[in-house]
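S.K.: build me a structure from this.
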Amino acid sequence: MPNLNFIKKHGIEKFVEQQKKRVRVLETMIENFDDGRSRSFFCKAATLLDLTSLENSLEVASKKIKAENIASNNIKAKAKILKSILNEIALTKGVELVKRKR
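M.R.: Below is the predicted model:
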């Protein structure tokens, strides 16, 4: 429904443009932060979170990685940071990115 509402309000061209940006953000996440176990998490985040939040999360993660002097090849640490940021955003928006253990 949110996609249909967006299309009604902004038009199909704007929707397609936004989706292309969303794909580029997802590609960045997978290319730079996928530790071999995070791909489906990033796909779900890219689908359920708004584009601005996704872009901001990458920026915040990059700043944190730099501030903590994490090596560029330490994918596991980088993935943990980005996943944490995305989970925080999701919680504030009432979106569940991971299944809760019962």
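S.K.: can we go C-alpha only for contacts and neighbour counts from here?
M.R.: Fine.
S.K.: show me where the protein has helices.
M.R.: 2-10, 12-33, 39-48, 51-67, 75-93 (DSSP state H).
S.K.: now these in a markdown table, with mean pLDDT?
M.R.: What follows is the helices of the chain, written out as a markdown table (pLDDT from 0 to 100):
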| stretch | mean pLDDT |
| --- | --- |
| helix 2-10 | 91 |
| helix 12-33 | 96 |
| helix 39-48 | 94 |
| helix 51-67 | 96 |
| helix 75-93 | 96 |
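S.K.: can I get these in TSV with mean neighbour count?
M.R.: TSV is the format used below for those (neighbours: other CA atoms under 10 Å):
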stretch	mean neighbour count
helix 2-10	11
helix 12-33	16
helix 39-48	18
helix 51-67	16
helix 75-93	17
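S.K.: now residue 90. Nearest residue, chain neighbours left out?
M.R.: Computed as CA to CA, 6 or more residues apart in numbering, the closest residue to residue 90 that is not its neighbour in sequence is residue 96, at 6.3 Å.
S.K.: count of neighbours near the one you found?
M.R.: 15 (other CA atoms under 10 Å).
S.K.: how much space between it and residue 70?
M.R.: According to CA to CA, to the nearest Å, residue 96 stands 28 Å off from residue 70.
S.K.: please report how far the closest residue to residue 7 other than its chain neighbours lies from residue 9.
M.R.: Nearest residue to residue 7, sequence neighbours excluded (CA to CA, 6+ apart): residue 15, at 6.0 Å. Per CA to CA, residue 15 is found 10 Å from residue 9.
S.K.: does the residue nearest to residue 7 really touch residue 6, like I thought?
M.R.: Yes - using CA atoms under 8 Å, residue 15 is in contact with residue 6, at 7.0 Å.
S.K.: wait, what's in contact with the residue nearest to residue 7?
M.R.: Contact analysis of residue 15 by CA atoms under 8 Å, 6 or more residues apart in numbering lists 3, 6-7.
S.K.: pLDDT value on residue 102, please?
M.R.: Looking at residue 102, its pLDDT is 61.
S.K.: contacts for stretch 42-60, please.
M.R.: 18, 21-23, 25-26, 29-30, 82-83, 85-86, 89-90, 95, 97.
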